[in-house]
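A.B. asks: below are the sequence and a predicted model; questions follow.
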Amino acid sequence: MGEHSGRAPGRRFAVVGNPDNRRVTLFAEAVRAAGLPASRVVPWANVLRAGGAEFDAGEIVRIDSPGEDADVDRMLRGVEDPTRVEGAARWYAGFTAALRTLRGGIRLDDPDDLAVLFDKRRCHAVLDAAGVPVPASPTSGPGAAPVRGWDDVRTLMREHRMPRLFVKPAHGSSASGVLAVESAGGGRIRATTSVELAADGRLFNSLKVRRYEREEDIAAIIDTLAPDGLHLERWLPKASQQGRAADLRVVVVAGRATHAVVRTSRWPLTNLHLGGSRGDLDTARQAVEAAGARWTDLLDVCERAAACFPRTLSVGVDLLPAVGWRRAAVGEVNAFGDLLPRLTGLPGSGAEGLDTYATQVAAALLAHGGRPAE
């Protein structure tokens, strides 16, 4: 990938996304660095108001997240405050319907793939059916159990012997609405989450991770989230680095694991925007090899997960290394999981010296009319 420039006569990139979104900005910079005109940005608000958007036949189209634009959120979720957690099912229905209104162009993201990636139950089932290691779940695949509220969660914890589990909104992202629930002994329950439960019962996203110790509070949160759809997963004990829980975000571009970052946290939620921090990738690689495993085997798990979505150029895979670093499972596959600033490609990946966006631009041009640099 790194050997190709953006010289592709007649080619132009377009992005469906919010102009002030950082991913959109970085992608546009990568397009310019490749020697092409800046990508055309089609705001989601325009798509929703106009009932669609049209692209030229040769235009390479990247679909990006609707983000936290209040106007877009109001149209998709029907809420005034973009920090609210509720409304994910309506958001999902509106987002997937809007994808079907995009016409023409060469898509880097497949609408059918995106519909699966934004439903954690369907995504888990697809990965599991393909033999990709994933945490056990009673809410995906044939015979999936419905989750109508906290009573169902309690029942499934008991029936599936899951004293520790993650409760995730089926259509959430960025850990919005996710709860790490665990039995604390003596029948007590506690949950770790970034959800803020207001006095009137409304739920808000917060950058502060908090712990709820009262079961009635946990029940109130889950009962509020349940109508939007919930996905349950066994909480797998994860490897650690410097005494902090550790996992990896691995970006796969055109079928190849190109970028990786270790995320560490003192909380079960390792998201960097929730106070997680970047760990040391070399140390993680050494821990894998010291355990008698191969680093390439972990990357292979990510590539196998991405292969379940062959019509989408790039995904971000959340890889959960087990205690001891010898094995790993896939926690999630993210459609828009490439925001890893200042990170260049893995050695031997073909993306050395390139960030995630330059790698995607190079791969897209190579697949659709690019040629080697002169």
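C.D. replies: Received it, and whenever you're ready, just let me know what you need.
A.B. asks: just the buried residues of stretch 184-202, please?
C.D. replies: Neighbour counts over stretch 184-202 (16 or more other C-beta atoms under 10 Å) mark 189-197 as buried. Every residue, glycine included, has its C-beta placed from N, CA and C.
A.B. asks: other SSEs contacting the helix or strand hosting Arg62?
C.D. replies: Using DSSP states H and E, Arg62 maps to strand 53-63. Applying 3 or more C-beta pairs under 8 Å, 6 or more residues apart in numbering; DSSP states H and E, one finds that strand 53-63 contacts strand 12-16, strand 102-107, helix 356-367.
A.B. asks: coming back round to it: of the buried residues of stretch 184-202, which is the nearest to Thr264?
C.D. replies: Taking C-beta to C-beta as the measure, Thr264 lies nearest Thr192 of those, at 15.5 Å.
A.B. asks: ok, then the element right after the helix or strand hosting the closest one?
C.D. replies: Using DSSP H and E, Thr192 falls within strand 188-197. Moving toward the C-terminus from strand 188-197, the next helix or strand (DSSP H and E) is strand 203-212.
A.B. asks: Leu248 bridge partners, please.
C.D. replies: Leu248 has the following beta-bridge partners by DSSP bridges: Val262, Leu319.
A.B. asks: what about it, distance to Arg49?
C.D. replies: 39 Å (C-beta to C-beta, to the nearest Å).
A.B. asks: between those two, which one's more packed in?
C.D. replies: More neighbours surround Leu248 than the other of Leu248 and Arg49, with 23 against 11 (other C-beta atoms under 10 Å).
A.B. asks: wait, the more buried one touches Thr264, no?
C.D. replies: No - if you go by C-beta atoms under 8 Å, Leu248 and Thr264 don't touch, sitting 10.2 Å apart.
A.B. asks: any chance of the helices and strands packed on strand 53-63 in JSON lines, plus mean neighbour count and mean pLDDT?
C.D. replies: Converted to JSON lines, those look like this (neighbours: other C-beta atoms under 10 Å; pLDDT from 0 to 100):
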{"stretch": "strand 12-16", "mean neighbour count": "24", "mean pLDDT": "96"}
{"stretch": "strand 102-107", "mean neighbour count": "17", "mean pLDDT": "96"}
{"stretch": "helix 356-367", "mean neighbour count": "24", "mean pLDDT": "96"}
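A.B. asks: picking that back up, what comes up buried for the strand holding Arg62?
C.D. replies: Within strand 53-63, the residues that count as buried by 16+ other C-beta under 10 Å are 53, 55, 59-63.
A.B. asks: can you check stretch 123-131 too?
C.D. replies: If you call a residue buried by 16+ other C-beta under 10 Å, then stretch 123-131 has these buried ones: 123-128.
A.B. asks: what does stretch 98-117 give?
C.D. replies: Residues of stretch 98-117 classed as buried: 98-99, 102, 105-111, 113-117 (neighbour count, 16+ other C-beta under 10 Å).
A.B. asks: what about that stretch, start to end distance?
C.D. replies: Using C-alpha to C-alpha, to the nearest Å, the end-to-end distance of stretch 98-117 comes to 16 Å.
A.B. asks: what's the answer for stretch 239-247, then?
C.D. replies: 7 Å.
A.B. asks: go on, stretch 32-43?
C.D. replies: Stretch 32-43 end-to-end distance (C-alpha to C-alpha) = 19 Å.
A.B. asks: out of the buried residues of stretch 98-117, who's nearest Gly348?
C.D. replies: Closest to Gly348 out of the buried residues of stretch 98-117 is Leu108 (23.8 Å), distances taken as C-beta to C-beta.
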